[in-house]
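Got a predicted structure plus its sequence, pasted below:
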Amino acid sequence: MPKLKLTKSAVDTKCVAEPGRDRTFYWDTELMGFGLCVMAGGTKTFVVQRDLPGQRTRRQKLGRDGELTVDQARNAARAAVVGMATGNDPVEQKRKLAAKAITLTSAIEIHRQSLTAKQARQRTIDDVADTMQRHFAGIE
């Protein structure tokens, strides 16, 4: 994995996808864990990657090149590194936010779509939705 100081010039000219690979990471020499992911199609995304205390390695997307400047991405990476060093897991935070955002109605609809994709009988699909709505009426 190549290491270099990530600058606007380096991102534009030196950071290209390696042939035969779906993604190539370029890691910054100035801030440990800050990098650029270059996809085979040319998309460039700033990332930060750190080991959490006593846990596994986490990688977090910061934003695409063009949406963020290198300096903005580096500052966001510093903040993320501090958070990860104190034990904040960005993946777990994202899961919790997604879980709070789901409603019973949307959960039933997701389950109905899953059953339909599995080619379950229409009666089964209707029974599951009806049972959920009866037992959890008033919860939203």
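Yes, it's here.

Could you list the buried residues of the helix or strand bottoming out on mean pLDDT in the chain?
Least confident helix or strand of the chain, by mean pLDDT, DSSP states H and E, is helix 90-101 with a mean of 79. For helix 90-101, the buried set under the neighbour-count rule, 16 or more other C-beta atoms under 10 Å, comprises residue 90. In short, each C-beta sits where N, CA and C put it, glycine included.

Please enumerate residues in contact with the very next helix or strand once past it?
Sequence-wise, the next helix or strand downstream of helix 90-101 (DSSP states H and E) is helix 104-117. Applying C-beta atoms under 8 Å, 6 or more residues apart in numbering, the contact partners of helix 104-117 are 102, 124-125, 128-129, 132-133, 136, 139-140.

How far away from the center of its chain is the least confident helix or strand of the chain?
11 Å (C-alpha atoms, centre = their mean, to the nearest Å).

Could you tell me which of the contacts of helix 104-117 belong to helices?
Among the contacts of helix 104-117, the ones falling in helices (DSSP state H) are 124-125, 128-129, 132-133.

Whichever of those end up buried, select them in ChimeraX.
The buried residues among the ones in helices among the contacts of helix 104-117 can be selected in ChimeraX (16+ other C-beta under 10 Å) with this line:
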select :125,128,129,132
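
what's the closest of the ones in helices among the contacts of helix 104-117 to residue 16?
Closest approach to residue 16 among these (C-beta to C-beta): residue 125, at 48.5 Å.

what about that closest one, distance to residue 106?
Distance of residue 125 to residue 106, computed by C-beta to C-beta, to the nearest Å: 16 Å.
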